[in-house]
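Asks: test case, fold it:
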Amino acid sequence: MKYFLLILFVNISLYLPAQDKVWTLNECMQYAIEHSSKRTKQNSQNQIYKLNHTEAIGGLLPKVNGTVGATFNFGRGLDSETNTYIDKNSFNNTYSLQTSLLLFDGLAQVSRIKLQKMNQMMGKEQLRQIEDMLAFETMEIFFNILYYQGTVDLAVQQLEESETTLKQVTRMQELGLKAGPDVLEIKAKAASDKYNLIKQQNLLDIEIIRLKQKMNYPMDQEISIDTKTNNDVLVSAEKDNAFEIFEKAVTYSPQILASERALLAQKAQYKVSKGSLLPSLYLGAGYSTNFSRLMDGSAYSSFTDQLRDRRGYYVGFTLSIPIFNGFSNLNSVKRSKQNVIIAQNELEETKRTVYSEIEQAVADMNGQGEEYIQAQQQVVAMDAAHNVNQRKYTEGLISALELTTSSKRLLEAKVEQLNAGLKYQLKTKLVAYYKGQPFIQ
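Replies: Next up, the predicted model:
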C-alpha cells in the first residue's frame, strides 16, 4: 500500500500544476492546432492566395492613371500659343488622365482568375490537412500516455502483491514453513517489480514531454492529463469495407481534394500559357489640358480659361500580336503541359496512398479488436490460475519460482489487454475519420 501512496504522490507532484485544469483529449488536440507554427504559416500562405485572386480579378477592370507636370523653360523654347520658337523664359503646366481596358487576350486573364481561385481552394484543403494531421499525432501521444499510465498502475499492483507475499513468506520462514531460498526468490521479484515501476514511470514522463512539445505548450509549465479511460472496450462485430470507405473519402479527404485543386490550377496555368500565343486587344481613352505663361511679365489668359480652352480627348484601340520572343511563350506552353501531367500522376498517387492508409487502418482495427477479445479471455484465465497458484504456494505445493512465473504471466496478459484495447480505440477513431467524422468532437 505504501508504494501505491508513493506513486500517487509522485503523479500528483509531476502532473498537477498550480491551476487545477485537467486536459482532455479534445482540449489537447485543439490547443495543438491553435498554437501550431505550421498552421500559422499555412494561414499566411492562404492570405497570399486570396490577394493573388483579388489581383487577378482586377486584371479585367479598367486601369486609370493621372499625370501632372510642371516645366520651367529658360532661353530658347517653344511657345505653346503660337507654336513658334521664342527666346524667353516660360512656365508650362500639364494635366492628363488615361484609361485602358483589356478586351481580349485569348482568355488568359480569365484563366488566371481560375488559377488563383484553385490555389485559394487548395490552400484551404492544405490547412485542413495540417490540422487533421496535428490532431491525429496529438491523439497518438495522448493514447501513449494512457498506455503508460495503465502500465504504471499495473506495476503498482504487482509491487504491492510482491510486498504482501514477501511479508507472508517471511513470517512462514520464521515459523519454519518456508526455506530461505523462497524468501530470496520473492525478494528478487519485489526488486524486479520496483524496477519495472520506475521504468514505466519514466516512460510516462517522456510521453508527457512529447505531448507538450507537440502541443507547443510552455515547457516550463506542468500539464495534467485526464487519464481516466473506459476499460470496457466494446469490439464491433461489423467488419468495415476499405473500398467503400475510400469511395466516400474521395469526396472529402483534404489530401485528395488538395491534389485535385492542384491539378485544376495546373490546367488553368496551361490555358494562360496558350493565351499568350494569341493577340491582345486593348481599348484606350484619355483627357489632357495645360496652362502656360511667359515669365517676362506679359499678359496671359487666366488659369481656368486655358484649362478649358486647351482640353483634348482621345479614344483608340491597341492590338498586340506576338510574333517572336525567343521561344519563351512556346516553351511556357510546353512546360505547362508537362506540369499538368505531373499533377495528374500526383493525384493518382495521392488516391492510392489514401486507399492504402484506409485499408491498413481497417485491417489494424479489426486485428486489434480480435486481439483485445483474446487478451481479455487470457486475463480472466490467467487471473483464475494465479489465484490458485497463490493458494498452492501457501500450502507448499509449488515453488516460489513457479509463483513468480505465474505472477509475471498475469502481468504480461494485463499489459497486452491494455495495449490491444487502446490500439483498438485509436484505430477506430482513425477509421471514423476516413468515414468523415472529425477527430475533434
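Asks: drop to CA atoms for contacts and neighbour counts, all remaining ones
Replies: Fine.
Asks: give me the residues contacting stretch 236-254.
Replies: With Cα atoms under 8 Å, 6 or more residues apart in numbering as the contact definition, stretch 236-254 has outside contacts at 125-126, 128-129, 256-257, 351, 354-355, 358-359, 362, 366, 369, 434-436.
Asks: show me the contacts for the spatially most central residue of the chain.
Replies: Nearest residue to the geometric centre of the chain (Cα atoms, centre = their mean): Ile130, 1.3 Å. When contacts are counted by Cα under 8 Å, 6+ apart, Ile130 touches Lys38, Arg39.
Asks: quick check, it in a helix?
Replies: Yes. Assignment of Ile130 by DSSP: H, G, I helix; E, B strand; the rest coil places it within a helix.
Asks: list the buried residues of stretch 219-228.
Replies: Buried residues in stretch 219-228, counted by 16 or more other Cα atoms under 10 Å: Glu222, Ile223, Ser224, Ile225, Thr227.
Asks: ok, now stretch 374-382?
Replies: For stretch 374-382, a neighbour-count test (16+ other Cα under 10 Å) marks Ala375, Gln376, Gln378, Val379, Met382 as buried.
Asks: hmm, Ala413 and the fourth one touching each other?
Replies: Yes. Under the criterion of Cα atoms under 8 Å, Val379 lies in contact with Ala413, with a separation of 5.5 Å.
Asks: what helix or strand does the spatially closest residue to Gly59 that is not a sequence neighbour sit in?
Replies: Spatial nearest neighbour of Gly59, chain neighbours left out: Gln109 (6.7 Å); criterion: Cα to Cα, 6 or more residues apart in numbering. Secondary structure assignment for Gln109, by DSSP states H and E: helix 108-174.
Asks: any idea how many residues pack against Arg310?
Replies: 11 (other Cα atoms under 10 Å).
Asks: pLDDT at it, what is it?
Replies: On pLDDT, Arg310 comes in at 90.
Asks: so it makes contact with Ser292?
Replies: No. Counting by Cα under 8 Å, Arg310 sits too far from Ser292 to count as a contact (10.5 Å).
Asks: could you measure from the residue of the chain positioned farthest from its centre over to Ser292?
Replies: What lies farthest from the middle of the chain is Ser298; by Cα atoms, centre = their mean that is 76.0 Å. Per Cα to Cα, to the nearest Å, Ser298 is found 12 Å from Ser292.
Asks: equivalent analysis for Glu185, please.
Replies: Taken as Cα to Cα, the span from Glu185 to Ser292 is 115 Å.
Asks: which residue of the two possesses the greater neighbour count?
Replies: Neighbour tally, Glu185 and Ser292, criterion other Cα under 10 Å: the higher count belongs to Ser292, 22 against 17.
Asks: check which helices and strands the helix or strand harbouring Gly369 sits against.
Replies: Assigned by DSSP H and E, Gly369 falls within helix 328-394. Applying 3 or more Cα pairs under 8 Å, 6 or more residues apart in numbering; DSSP states H and E, one finds that helix 328-394 contacts helix 242-249, helix 254-275, helix 400-434.
Asks: how near is Phe303 to Phe243?
Replies: 81 Å.
Asks: to clarify, my last question referred to Val272.
Replies: Distance, Val272 to Phe243, by Cα to Cα: 37 Å.
Asks: neighbour-wise, which of those two wins?
Replies: Between Val272 and Phe243, counting by other Cα under 10 Å, Val272 is the more crowded of the two (25 against 13).
Asks: counting neighbours, what do you get for Asn65?
Replies: Counted with other Cα under 10 Å, residues neighbouring Asn65 total 10.
Asks: what does the one 10 residues further on give?
Replies: Here the count is done by other Cα under 10 Å, and Gly75 has 10 residues near it.
Asks: can I assume the residue farthest from the centre of the chain sits in a helix?
Replies: No. According to three-state DSSP, the state of Ser298 is coil, so it is not within a helix.
Asks: tell me the phi and psi of it?
Replies: Backbone torsions of Ser298, given as degrees, to the nearest 10, read phi -70, psi 160.
Asks: quick one: low-confidence parts of this protein?
Replies: In the predicted model of the chain, residues 1-20, 76-83, 86-87, 173-179, 229-232, 237 satisfy pLDDT under 70.
Asks: surely Gln126 meets Ser259?
Replies: No. Using Cα under 8 Å as the test, Gln126 is too far from Ser259 to be in contact (9.3 Å).
Asks: let me see the contact set for Ala56.
Replies: Residues near Ala56 by Cα under 8 Å, 6+ apart: Gln109, Arg112, Ile113, Gln116.
Asks: now do the SS call for it.
Replies: Going by three-state DSSP: Ala56 is helix.
Asks: distance of it relative to Lys271?
Replies: Using Cα to Cα, Ala56 is found at 14 Å from Lys271.
Asks: and the residue farthest from the centre of the chain, how far is that from Asn89?
Replies: Counting by Cα to Cα - Ser298 and Asn89 are separated by 11 Å.
Asks: give me the number of residues near the closest residue to Gln344 other than its chain neighbours?
Replies: Nearest residue to Gln344, sequence neighbours excluded (Cα to Cα, 6+ apart): Leu263, at 6.2 Å. Leu263 has 24 neighbours, counted by other Cα under 10 Å.
Asks: same check, this time on Ala70
Replies: 12.
Asks: let me see the contact set for it.
Replies: Applying Cα under 8 Å, 6+ apart to Ala70 gives the contacts Phe91, Asn92, Asn93, Thr94.
Asks: which two of those have the greatest separation?
Replies: By the measure Cα to Cα, Phe91 and Thr94 form the most distant pair in the contacts of Ala70, at 10.3 Å.
Asks: from Thr71, how far off is Ser298?
Replies: Distance, Ser298 to Thr71, using Cα to Cα: 18 Å.
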